[in-house]
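# Attaching a predicted model along with its sequence, questions to come.
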Amino acid sequence: MKLSVIGTGYLGATHAAAMAELGHEVLGIDVDETKVARLSAGQVPFYEPGLPELLSKHVESGALRFGTSIAEAGEFADLHFVCVGTPQKPGELAADMTYVDAAFTALLEHVRPGAVLVGKSTVPVGTAARLAQQCAAAGGALVWNPEFLREGFAVEDTLRPDRIVIGAEDDDARAVLERAYESILATGTPLVVTDFPTAELVKVAANSFLATKISFINAMAEICEVTGGDVTKLAEAIGHDDRIGKKFLRAGLGFGGGCLPKDIRAFMARAGELGVDQAVAFLKNVDEINQRRRARMVDLAREMCGDSLAGRRVGILGAAFKPDSDDIRDSPALDVAFAIQRSGAAVRVYDPQAMGNAKDSYPTLAYAPSILDACDDADVVLHLTEWAEFRSLQPDDLASVVRAKNMLDGRNVLDPQHWRAEGWHFRALGRP
Ligand code: UDX
């Protein structure tokens, strides 16, 4: 099939390459000319394992190309995926719908009668019903098809999703989308067909649940900290109950990124507009528990430096919001680094992939080109993003460069006994 993808960020670029991999002819459209030039040259403007190979393969074969003209998208295809972002509005909890509205308005000026428009962006419930009317007025039909991809696993999650959710009012339009996903569905991928509001809610409900699970175990970490318990053992033990499960129970510095934080906040804002704010009032606690972990990390660093950070040197390992990503949106690691700097310490940050983005957004932080440089002469080392190269760190690797053997593990992946046996003062979140 011929199809267009409007918006080529994390979601759109991955979706475009994955659709080409499924055998479709794909045109990706973005307003950012620099991004389009890079994608057209087969380069991915962000770090996502496996995507550069997939993208260049299909750009070279001609199955995938990119442009800036939305009119061309209308000419090229009768199936259009809208993948633009819905970031948090500055100073508000609500999502900024400017990009979604602009994309639909522009696209609808150019689509042919009978075109199918697929909304993939994460939007406040009620958006699809409103956009469906706009689509119908232009002779098109809307379906809503939320995306659940995780950064770092985006290609895998798109080609082999846990489920496909389609919200539709129009059976013909739904059938067109099912045909586009035919080869994924043929492998037995569960398909959930529903109405617009449910499809929109599935996405925010899933992210709210995941955020709640993380904050739940981090709340237990707070309790462990005053009782002498060990949250990693607690998580292991409750995770053996398969009604609870082990996944998303890793206690530590908490969640960040471009999705979970802004999605739970937008959900609270939308619930407020609908007069059902009490239904998701718990999400405020979820958000607060998550923020408190960052503050706790700064407090522990201060304690390890003799109750004052002023004049201290702090080595920071990690800037990305999670490993295998260069995304620094709402990154707990950079938030902590910035707060520690504000407390008067000299920080040096190292991350395997996110340095460029970090430097752009936090230009006043100091950066180091390697782990050893970041930890050089440090009074304390903070492990904040669990990249493989940090997980495999040995006490001996750092012993000769640091000023004091103080290690603070914000991700609960280093072995406390091992570090302590080598003479380090080792602390972690939620552990004795
Ligand atoms: C998330 C959802 O998983 C995905 O389905 C949705 O489409 C977009 O949002 P992503 O933001 O890529 O994906 O990251 P994810 O792997 O979910 O991790 C989110 C954050 O939670 C990260 O900061 C991670 O470090 C943190 N996390 C995750 C924990 O602190 N503990 C855990 O046990 C799991």
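Sure thing, it's come through.

# and the longest helix along the chain, what does it pack onto?
Using DSSP state H to define each element, the chain has its longest helix at helix 196-227. In terms of contacts (3 or more CB pairs under 8 Å, 6 or more residues apart in numbering; DSSP states H and E), helix 196-227 is packed against helix 127-137, strand 141-144, strand 164-168, helix 231-239, helix 260-273, helix 282-304. C-beta here means a position set from N, CA and C on the backbone, and glycine is covered the same way.

# buried set for the last one?
If you call a residue buried by 16 or more other CB atoms under 10 Å, then helix 282-304 has these buried ones: 283, 286-287, 289-290, 292-294, 296-298, 300-302, 304.

# so does stretch 290-308 get close to the ligand?
No: figure legend: stretch 290-308 not in contact with the ligand (CB under 6 Å from any ligand atom); closest approach 8.5 Å.

# Need the mean per-residue confidence for that stretch.
Averaged over stretch 290-308, pLDDT sits at 97.

# cool, stretch 260-273 as well?
Stretch 260-273 comes out at a mean pLDDT of 98.

# then stretch 135-150 to PDB, C-alphas only?
C-alpha atoms of stretch 135-150 as PDB (Å, rounded to 0.1, in the frame of the first residue of the first chain):
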ATOM      1  CA  CYS A 135     -12.200  14.600   8.500                       C
ATOM      2  CA  ALA A 136     -15.700  13.700   7.400                       C
ATOM      3  CA  ALA A 137     -16.300  17.300   6.300                       C
ATOM      4  CA  ALA A 138     -13.200  17.000   4.000                       C
ATOM      5  CA  GLY A 139     -14.400  13.700   2.600                       C
ATOM      6  CA  GLY A 140     -12.000  11.500   4.700                       C
ATOM      7  CA  ALA A 141     -12.500   9.100   7.600                       C
ATOM      8  CA  LEU A 142     -10.600   8.900  10.900                       C
ATOM      9  CA  VAL A 143      -9.400   5.900  12.800                       C
ATOM     10  CA  TRP A 144      -7.500   6.100  16.200                       C
ATOM     11  CA  ASN A 145      -4.600   3.800  16.600                       C
ATOM     12  CA  PRO A 146      -2.500   4.500  19.700                       C
ATOM     13  CA  GLU A 147       1.200   3.600  19.800                       C
ATOM     14  CA  PHE A 148       2.900   1.800  22.700                       C
ATOM     15  CA  LEU A 149       6.500   1.800  21.600                       C
ATOM     16  CA  ARG A 150       9.300   2.200  24.100                       C
END
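
# List the buried residues in that stretch.
For stretch 135-150, by 16+ other CB under 10 Å, it's 135, 138, 140-149.

# can you list those in TSV and add pLDDT and distance to the ligand?
Shown next, in TSV, are the buried residues of stretch 135-150 (pLDDT from 0 to 100; distance: CB to the nearest ligand atom, whole Å):
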residue	pLDDT	distance to the ligand
135	98	24
138	97	29
140	98	26
141	98	25
142	98	21
143	98	18
144	98	15
145	98	13
146	98	8
147	96	6
148	96	4
149	96	5
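
# Next to the ligand, which bits of the chain? Give me the list.
147-151, 207, 210, 214, 248-250, 252, 254-257, 259-260, 321-322.

# Which ones among these map onto helices?
207, 210, 214, 260.

# right, and residue 104 touches residue 81 too?
No: using CB atoms under 8 Å, residue 104 is not in contact with residue 81, being 11.9 Å away.

# what about residue 401, how many neighbours?
16 (other CB atoms under 10 Å).

# need the contact list for it.
With contact set as CB atoms under 8 Å, 6 or more residues apart in numbering, residue 401 has these partners: 372, 375-378.

# which parts of stretch 155-172 are buried?
155, 157-159, 161, 164-170.

# could you show me where the strands are in the stretch 51-200 of the chain, in order?
Remark: strands assigned in the stretch 51-200 of the chain by DSSP state E, counting those that start in this stretch are 64-67, 79-82, 116-119, 141-144, 164-168, 191-194.

# Quick check: residue 404 touching residue 375?
No: the pair residue 404 / residue 375 is not scored as a contact, 10.8 Å apart, by CB under 8 Å.

# Of the two, which one has the most company?
Using other CB under 10 Å, the more surrounded residue of residue 404 and residue 375 is residue 375, with 27 against 17.

# quick one, what contacts the more buried one?
315, 317, 348, 381, 398, 401-402 are the contacts of residue 375 under CB under 8 Å, 6+ apart.

# let's go with 6 Å and repeat that
315, 381, 398, 401-402 (CB atoms under 6 Å, 6 or more residues apart in numbering).

# cool, and residue 358?
319, 328, 334.

# Nearest to the ligand among those?
Comparing the contacts of residue 358 against the ligand with CB to the nearest ligand atom places residue 328 closest, at 10.9 Å.

# my read: the closest one touches residue 355, true?
No: Residue 328 lies out of contact with residue 355 (CB atoms under 6 Å); the separation is 9.6 Å.

# who's more crowded, those two?
Counted by other CB under 10 Å, residue 328 and residue 355 do not tie: residue 328 has more neighbours, with 26 against 18.

# and stretch 276-285, how far apart are its ends?
16 Å (CA to CA, to the nearest Å).

# Kindly provide the distance from the closest residue to residue 308 other than its chain neighbours to the ligand.
Spatially, and ignoring its direct neighbours in sequence, residue 308 is nearest to residue 302 (6.6 Å; CB to CB, 6 or more residues apart in numbering). According to CB to the nearest ligand atom, to the nearest Å, residue 302 and the ligand sit 22 Å apart.

# Many thanks, we can stop here.
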